[in-house]
Each structure stands twice: as C-alpha cells, then as structure tokens.
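Peer 1: Any chance you can model this:
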Amino acid sequence: MEAAFGLVRAQGLSATSVDEICGAAGVSKGAFFHHFKSKEHLAAAAADHWSETTGAMFDAAPYHAAADPLDRVLGYIAFRAALIDGAPEAFTCFVGTMVQEAWATSPPVQAACWDSISGHAGKLEDDIAAAMAAHDVSPGWTARSLALHTQAVLQGAFILAKASGDAEMAREAIRHLRRYVELLFARGGPVLSPDTNH
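Peer 2: Below is the predicted model:
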C-alpha cells in the first residue's frame with residue numbers, strides 16, 4: 001500500500017500496474033495476490049491505510065495546541081499550506097487522485113475515497129463547531145459544510161498545481177481559503193452571508 005501511494009500520486013491509478021506496485025514494494029506478484037484479489041481491492045484498502053497514516057500526522061500537528069478553536073481551524077489551513085513542497089506527487093492527496101479516475105468505474109474505490117475525505121473533514125468539523133460557539137457565529141451554513149468546503153478547496157488546489165506545474169497556485173488557493181474563513185468569523189472584516197453578491 002505504501003508503494004501504491006507514490007506510484008498513484010505520480011501517475012494515476014489506471015496507469016499504475018500490479019507489476020509496478022510489486023516492483024516498488026519488493027514483493028512477488030504471487031505475494032500480492034495472496035493479500036489482494038485485484039488492483040481495485042488494493043486501491044480500496046490503500047485508501048483506508050492513507051486515512052490512518054495521514055490521520056496520525058494531522059493528530060500530532062501543532063495547531064491542536066491553540067486554545068481558541070478558530071485558531072485551530074486557521075492553524076489547520078496553515079499546516080496544509082506548509083505541506084506543499086516539492087513535486088505534486090509529494091504533496092497531493094492519494095485518495096483525491098484516485099477518485100478523479102475511479103469515481104464512476106469502481107464503486108469500492110469511490111466509497112473508500114469518500115470515507116477518507118469525509119472522515120478527514122469530520123475531524124476539522126469539531127473545531128469549526130467549537131469556533132462557531134466560541135465566537136457566537138450563527139450563520140446559514142453548518143460546521144459540516146465548511147469542513148467539506150475546505151476539502152473541496154484543497155483538492156482543487158492540487159488540481160491547479162498539477163495542471164499548471166506550479167505549486168504556488170495551490171498555496172495561493174489555500175491563502176484564499178484562510179481569508180474566506182477569517183471573513184466568515186469576522187476576523188479582519190465583516191461577515192458575509194452566503195447570499196451576499198458583493
């Protein structure tokens with residue numbers, strides 16, 4: 001599964017063969033099929049492993065130490081920006097890459113990717129809800145919707161970096177995300193309702 005992370009992030013799921021995964025992992029094809037029925041089965045299992053691996057990294061991140069939950073949310077965004085370094089395969093999302101290819105052709109991979117992305121959003125949702133309470137924000141949106149929006153921006157930022165070949169595109173998208181969250185919580189400017197057109 002670890003071998004699959006690098007290969008899929010670099011070249012996509014469809015272009016990654018079982019032979020390449022076995023070569024990168026240093027195992028035989030027989031060993032592969034002893035553990036996994038197919039590449040699809042590996043991909044779905046790898047999505048779960050990605051959640052565990054990245055989840056541990058985010059759980060240990062320093063932004064959790066902030067007393068104000070809004071600072072934790074903004075710290076999360078800053079942490080995501082800081083992770084953007086090197087080639088796209090080094091900082092883009094494994095499950096985000098896979099689901100762009102497999103969402104319509106592999107229900108097991110699609111479901112595993114959704115579980116990973118939505119589960120990650122769920123961890124941020126708790127801090128957003130706490131920030132809403134701490135800052136007396138009662139908008140026409142939910143903590144869940146904002147948590148999912150952060151994931152939409154991040155995945156879109158990765159696509160911009162891949163399409164342009166410029167990681168700065170991703171960083172700028174994340175800086176806009178921070179500005180947006182600050183506006184929602186009236187930090188640095190007025191709160192704009194979802195229906196405001198200016």
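Peer 1: Residue ranges in this structure under the pLDDT threshold?
Peer 2: Scanning the chain for pLDDT under 70 picks out 188-198.
Peer 1: Please enumerate the helices of it.
Peer 2: For the chain, helices defined by DSSP state H occupy the ranges 2-11, 18-25, 29-35, 39-59, 69-82, 88-91, 94-102, 107-134, 143-164, 167-184.
Peer 1: what's in contact with the first one?
Peer 2: Right, helix 2-11. 16, 20-21, 24-25, 42-43, 46, 49-50, 87-90, 92-94, 97-98 (C-beta atoms under 8 Å, 6 or more residues apart in numbering). Quick note: C-beta positions are derived from backbone N, CA and C, even for glycine.
Peer 1: Repeat the analysis, applying 7 Å as the threshold.
Peer 2: Contacts with helix 2-11, where a contact means C-beta atoms under 7 Å, 6 or more residues apart in numbering, come from 16, 20-21, 24-25, 42, 46, 50, 89, 92, 94, 97-98.
Peer 1: What is the nearest of the residues you listed to Lys123?
Peer 2: Trp50 (14.3 Å; C-beta to C-beta).
Peer 1: can you pull the contacts of that closest one?
Peer 2: Contacts of Trp50 by C-beta under 7 Å, 6+ apart are Phe5, Phe94, Val95, Ser116.
Peer 1: Quickly note the distance from it to Val73.
Peer 2: Look at Trp50 and Val73: by C-beta to C-beta, to the nearest Å, they are 23 Å apart.
Peer 1: Any figure for the gap between Gly119 and Ala112?
Peer 2: When Gly119 is compared with Ala112 (using C-beta to C-beta), they lie 10 Å apart.
Peer 1: Check the helices of the chain for me and report the most buried one.
Peer 2: Among those, helix 94-102 has the highest mean neighbour count (mean count of other C-beta atoms under 10 Å), at a mean of 22.
Peer 1: what's in contact with it?
Peer 2: Contacts with helix 94-102, where a contact means C-beta under 7 Å, 6+ apart, come from 5, 8-9, 12-14, 43, 47, 50, 109-110, 113, 116-117, 155, 158.
Peer 1: Kindly recompute the last result at 8 Å.
Peer 2: Helix 94-102 has contacts (C-beta under 8 Å, 6+ apart) with 4-5, 8-9, 12-14, 40, 43, 46-47, 50-51, 109-110, 112-114, 116-117, 154-155, 158-159.
Peer 1: ok, now stretch 171-188?
Peer 2: Taking C-beta under 8 Å, 6+ apart as the rule, stretch 171-188 contacts 70, 73-74, 77-78, 80-81, 84, 131, 135, 137, 139, 146, 150, 153-154, 156-157, 160, 189-192.
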